[in-house]
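K.L.:
Sequence and predicted model, in that order:
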Amino acid sequence: MSIEQITSSSQKNSADFNQTLPLHIANLTCVRAGKAMPFAREQMSAIDKAPIEAPVAVNFMGLTTDEQADRRHHGGPLKAVHQLATATYDKINAEFGLKVRVGTLGENLTTEAVNGLPAMDESTVCIGDIFQYGGQYGNTDNNNSVQLRIVQPRRPCYKINDQIGQFKLNKVPNIASWVTKQGIAGWYFQVVRDGMIHADLPVYLIERPYPFATLEKLWQLANSKEKFAAKVIEPWLAIECLEDSWKTVLTKKIRKD
């Protein structure tokens, strides 16, 4: 895929969020958390997360009632909260003939678009975006809200296959690999401001410092077999909040002229 194709595909929806901020773009429809439990391959996992009805505190490590069994690859300040577009489930189910329910793949947050805007997904959100979940924007005394910054996409692992495999009698194909190639695995937030969170809160986009940096474009650049001129990659390397491993991948995509 050429850089022109990458740019045009990522601009089709992100422009809808490139408006005067703050912008009410969605409502939070579900908050989920999980406990580490015995899982496939004699391992532990907290990928199966259940809806939380009561307000829950969020700090720099994420939802205080949420757990991660493998702390080497999951959780931590740069993977504090995970969000996944509901359309990912529609795509998986259509591609593989499954009926995987929303919430199966470990996300903490689910949102629904408002005001005629597109849904939050990899084509509409950008690295560096800061969202406020809850409250009235500008009222910093309101504890009934949190502010979250997107710092990296989620990299799917084999546990997605194992999780879906629990609901299917036949052998499950490598859905994790397919999701990776599609670039529809959701994203991780860093917590900018602690607070409380619960379902039915408004979601505001309050800062967009890098409107070019959609997650869709990042996945396409990272997965491309091509290499690119330095001027294409360098703006990404200048994004301070982009998690370092992604910068390492992108650095290798610079063409040596």
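P.N.:
Good, I have the coordinates.
K.L.:
quick one: contacts for the residue sitting nearest the centre point of the chain?
P.N.:
What sits nearest the mean C-alpha location of the chain, by C-alpha atoms, centre = their mean, is residue 187, with 1.6 Å. Shown in contact with residue 187 (C-beta atoms under 8 Å, 6 or more residues apart in numbering): 82-83, 122, 125, 150, 152-154, 215. For the C-beta atoms, the positions are set from N, CA and C on the backbone; glycine is no exception.
K.L.:
With residue 205 instead?
P.N.:
17, 21-23, 25, 129-131 are the contacts of residue 205 under C-beta under 8 Å, 6+ apart.
K.L.:
State the phi and psi torsions of it.
P.N.:
phi -90, psi 120 (degrees, to the nearest 10).
K.L.:
now residue 161
P.N.:
Dihedral angles (degrees, to the nearest 10) for residue 161: phi -60, psi -40.
K.L.:
thought it was touching residue 176?
P.N.:
Yes: here residue 161 reaches residue 176: they are 5.2 Å apart, a contact under C-beta atoms under 8 Å.
K.L.:
helices and strands of the chain: which one bottoms out on pLDDT?
P.N.:
Scoring the helices and strands of the chain by mean pLDDT, DSSP states H and E places strand 37-38 at the bottom, with a mean of 54.
K.L.:
To what extent is the closest residue in space to residue 48 that isn't next to it in sequence buried, counted in neighbours?
P.N.:
Take residue 48 and drop its neighbours on the chain: the residue closest to it by C-beta to C-beta, 6 or more residues apart in numbering is residue 34, 5.6 Å away. Burial of residue 34 is recorded as 20 neighbouring residues (other C-beta atoms under 10 Å).
K.L.:
so how many other residues sit close to residue 114?
P.N.:
13.
K.L.:
Could you check the pLDDT of it?
P.N.:
pLDDT for residue 114: 97.
K.L.:
residues in contact with it?
P.N.:
Counting by C-beta under 8 Å, 6+ apart, residue 114 touches 24-27, 202.
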